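Participant: Got a sequence here, can you model it:
(one chain, ligands or ions: 2)
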Amino acid sequence: MKYYAIIVAGGKGNRMNLAVAKQFLELDGKPILMHTLEAFHQCVLNPEIILVLNIHQHLFWEELCTKHDFKIPHQVIKGGQERFNSVKNGLKVIRGKAIVAIHDAVRPLITAEVILQSYQMAAEKGNAITAIQPVDSVRIKREGQDSEALNRDELYLIQTPQTFQTEQLKKAYLQPYRNEFTDDASVVERAGFSIHLLQGERDNIKITYTQDLELASFLLKKKGS
Ligand SMILES: Nc1ccn([C@@H]2O[C@H](COP(=O)(O)OP(=O)(O)OP(=O)(O)O)[C@@H](O)[C@H]2O)c(=O)n1
Ligand SMILES: C[C@](O)(CO)[C@H](O)COP(=O)(O)O
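Facilitator: Ligands and ions are numbered 1, 2, ... in the order given. Prediction:
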């Protein structure tokens with residue numbers, strides 16, 4: 001079986017509000033994105049890496065690779081307007097039957113163990129969606145109504161990687177974009193496939209706000225030690 005990893009790095013990092021998009025910020029001496037690619041490169045299944053980047057950042061990325069002497073093989077593809085479009089662009093270069101892991105570039109704390117489990121579960125069940133359970137109490141508040149407690153034992157916080165057999169993924173990504181497509185599982189579910197959750201890790205944070213950088217730096221040191 002052939003294994004691929006689509007690393008989506010086509011975003012602008014608006015919530016971070018810095019001059020440089022967050023995937024290029026340095027953590028422990030190198031860009032966040034390089035840590036993420038390294039994690040996939042360490043997976044024993046040796047996935048082929050497809051990196052999706054905004055077209056205006058391809059040259060910048062090349063320069064960063066030279067500066068950091070970054071040699072992990074990967075193919076660079078142009079990003080799209082939404083994450084959905086970036087994934088779709090990455091998928092276009094994958095031919096034939098395969099297992100494809102889709103992962104946010106800004107989750108550099110992912111471990112090779114979870115990546116491997118994700119490929120194995122997707123090979124067996126069709127897909128594997130990494131998730132953890134909330135530790136806080138949770139409420140839902142609908143417009144015009146009072147808030148209402150939810151049973152947190154029934155709730156999952158969804159992470160990446162989200163890994164699929166190509167038959168599911170390619171069919172799902174033929175659908176037109178919808179606002180509620182916040183991840184790949186929601187796209188594949190809408191196409192009629194059952195979603196299978198895989199136990200994730202709390203350290204696999206998505207770097208979203210500036211405060212996350214300090215935490216990521218601490219967690220990265222912990223991972224390396
Ligand atoms: N058009 C887009 C938008 C997002 N992403 C990627 O999807 C991942 C998760 O998205 P998010 O954390 O929202 O990143 P940004 O879109 O960059 O952040 P923001 O929403 O704050 O602008 C990131 O690795 C981001 O680069 C992408 O490849 N293409
Ligand atoms: C894909 C994702 O990371 C799963 O938790 C998340 O949905 C991305 O959301 P964002 O708003 O694009 O950061």
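Participant: Correct me if wrong: Q57 contacts A21.
Facilitator: Yes: the pair Q57 / A21 is scored as a contact, 7.0 Å apart, by C-beta atoms under 8 Å. From N, CA and C alone the C-beta is placed, and that goes for glycine too.
Participant: what about the residue in the chain positioned nearest to ligand 1, helix or strand, and which?
Facilitator: Nearest residue of the chain to ligand 1, counting by C-beta to the nearest ligand atom: G11, 2.1 Å away. Under the criterion of DSSP states H and E, G11 resides outside all helices and strands.
Participant: Now do the same contact list for it.
Facilitator: Shown in contact with G11 (C-beta atoms under 8 Å, 6 or more residues apart in numbering): A21, K22, Q23, G79, R83, S86, V106.
Participant: could I get those residues as TSV with pLDDT, neighbour count and distance to G144?
Facilitator: Formatted as TSV, the contacts of G11 follow (pLDDT from 0 to 100; neighbours: other C-beta atoms under 10 Å; distance: C-beta to C-beta, whole Å):
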residue	pLDDT	neighbour count	distance to G144
A21	96	22	38
K22	97	26	36
Q23	98	28	39
G79	98	25	38
R83	98	20	30
S86	98	25	35
V106	98	25	35
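Participant: Those in helices, which ones?
Facilitator: Mapping the contacts of G11 onto helices (DSSP state H) picks out R83, S86.
Participant: if we take the contacts of G11, which one ends up nearest to G126?
Facilitator: Closest to G126 out of those is R83 (21.5 Å), distances taken as C-beta to C-beta.
Participant: Tell me who's in contact with that closest one.
Facilitator: Taking C-beta under 8 Å, 6+ apart as the test, what R83 contacts is V8, G10, G11, T182, D183.
Participant: same deal with T36?
Facilitator: By C-beta under 8 Å, 6+ apart, the contact set of T36 is I7, Q23, H103, D104, A105, V106, R107, P108, I110.
Participant: Among the contacts of R83, name the buried ones.
Facilitator: Neighbour-count burial (16 or more other C-beta atoms under 10 Å) applied to the contacts of R83 gives V8, G10, G11, D183.
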